[in-house]
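Trainee: quick one: sequence and predicted model below, then my questions.
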2 protein chains.
Amino acid sequence: MPHAPATMRADILESAGRLFAARGFRGTSLQDIASDAGCSKASLLYHFTSKDAILTELLAPAGRELAELEERLAALDGEEAARAAVAGLVDLSLRFRRQVKILIQDVDALINRPELPDVNAVTERLVDALTGRSPTPEARVWGWMAMVGIFLTSAGEHALPDQALRAELTRGALRTLGRRTD
Amino acid sequence: MPHAPATMRADILESAGRLFAARGFRGTSLQDIASDAGCSKASLLYHFTSKDAILTELLAPAGRELAELEERLAALDGEEAARAAVAGLVDLSLRFRRQVKILIQDVDALINRPELPDVNAVTERLVDALTGRSPTPEARVWGWMAMVGIFLTSAGEHALPDQALRAELTRGALRTLGRRTD
DNA sequence: ACCCTAGCTGACCGATCGGCCAGTTCTGAC
DNA sequence: GTCAGAACTGGCCGATCGGTCAGCTAGGGT
């Protein structure tokens, strides 16, 4: 039964998006997508020029909006710009959650290894330590932000000697948690 | 010239670590490592049981220390625990920078795509907006933390409705930047 | 009734990659 | 000098993956 109007294309995008978010781009084969969407691998490449093109179509809207946000910010200044940047990033990240997950999925696959402690368990206990006994759900979000912020910011290139970077990471994290930084 | 004592093994680890950090685990082949280390692919598998075993050996020390940190935190409580958790994570992340880069490298490879705006440029401009004109290097670190925190925390699972999560992400980010949260 | 075409497919291809093995070379111990 | 064994290698294998292609089929336009 070939002629299902244009639903196949949409089904493929939906399957690919879900699988990419769950197993990562490289961790998902064309066959995986085809099986999930209920068609043949060749059919994928009839509707899309390549595996990469599927990912492109999934990420393009987020990219467009990010560029728009950037433009909007260029017109603002000072406190106004800072608040707009935060609000814009929050909005974007939440509305394109699946896309964010696609981008960071490979990290999950890499981090869940026997020689590393279970990342979920560690996360839970670190957040516990950060937020104290019986934390509110809100406090747990801040705990997450502080941990992720420390972890990933450490890997970036910063114009700061190691000792100073160490101090600033600590200060930023404590502030995220709403604690005194002295 | 076979018998270089045990330097080959160390050379392989060094090469693998550098390449994994630069191109990611999956993006680095055994041949890449062999060429860089100046030996044959078969030699890698003489010194290590598998490609995965190389990564394991590179990550194991970080995993051990993370487990130790967790243990140490279990004995503490309240403000003391929070500060020890932050200090411990900062220390770990900075001392194992290369390992952190290995874990997140695949994200870099995935995020630098034509349909997405150039991530470095966007990062720069967002940090500009967050920190205002002529920011200090310290302020840029906080800007980084806030952005990364928003971005990655949004992808996690939180026991919070979307609207509340949105508010808390905003609040946390503004606090990281040392701004009023009202 | 006929045919054109969009939708779809099975079979196949070339490339790459992780891993294996038989065999060679060098070294240190005796 | 001899020899055991560690260090190392070229060549090969099976699996997987992205992608191609010739061809089948169902339906709508005429």
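Mentor: On my side now, so go ahead.
Trainee: check the gap between A:Asp182 and DNA strand C for me.
Mentor: With distances taken as Cβ to the nearest atom of the strand, to the nearest Å, A:Asp182 is found 49 Å from DNA strand C. From N, CA and C alone the C-beta is placed, and that goes for glycine too.
Trainee: actually A:Leu177, sorry about that
Mentor: For A:Leu177, the distance to DNA strand C equals 40 Å [Cβ to the nearest atom of the strand].
Trainee: report the contact partners of that residue.
Mentor: Counting by Cβ atoms under 8 Å, 6 or more residues apart in numbering or on different chains, A:Leu177 touches A:Leu130, A:Thr131, A:Ala139, A:Trp142, A:Gly143, A:Ala146, B:Ala82, B:Val86, B:Arg175.
Trainee: what mean pLDDT does the lengthiest helix in chain A have?
Mentor: Longest helix in chain A, counting residues (DSSP state H): helix A:51-74. Across helix A:51-74, pLDDT averages out at 95.
Trainee: ok, stretch A:29-37 next?
Mentor: Across stretch A:29-37, the average pLDDT comes to 97.
Trainee: that older thread, is the longest helix of chain A in proximity to chain B?
Mentor: Yes: applying Cβ under 8 Å from any Cβ of the partner chain, one finds helix A:51-74 touching chain B at A:Leu55, A:Thr56, A:Leu59, A:Ala60, A:Ala62, A:Gly63, A:Leu66, A:Ala67, A:Glu70, A:Leu73, A:Ala74.
Trainee: any quick PyMOL command for the buried ones out of these?
Mentor: Buried subset of the residues of helix A:51-74 next to chain B, written as a PyMOL selection, criterion 16 or more other Cβ atoms under 10 Å in any protein chain shown:
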select buried, chain A and resi 55+56+59+62+63+66+70+73
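Trainee: kindly report the domain assignment for chain A.
Mentor: According to automatic domain parsing, chain A comprises the domains A:7-92, A:112-176.
Trainee: which strands or helices does the next helix or strand after the longest helix of chain A pack on?
Mentor: Downstream of helix A:51-74, the next assigned helix or strand under DSSP states H and E is helix A:78-95. Contacts defined by 3 or more Cβ pairs under 8 Å, 6 or more residues apart in numbering or on different chains; DSSP states H and E place helix A:78-95 against helix A:51-74, helix B:119-131, helix B:137-155, helix B:162-176.
Trainee: may I have the secondary structure class of the nearest residue to A:Leu165 once chain neighbours are set aside?
Mentor: Once flanking residues are discounted, A:Leu165 sits nearest to A:His158: 5.6 Å by Cβ to Cβ, 6 or more residues apart in numbering or on different chains. Secondary structure, DSSP: H, G, I helix; E, B strand; the rest coil: A:His158 is coil.
Trainee: circling back to that earlier point, the longest helix of chain A vs DNA strand D: in contact?
Mentor: Yes: for helix A:51-74, a contact with DNA strand D is found by Cβ under 7 Å from any atom of the strand, at A:Lys51, A:Asp52.
Trainee: now do that helix against helix A:78-95, angle only.
Mentor: Using axes from the mean of the first three to the mean of the last three Cα atoms, to 10 degrees, the inter-axis angle of helix A:51-74 relative to helix A:78-95 is 160 degrees.
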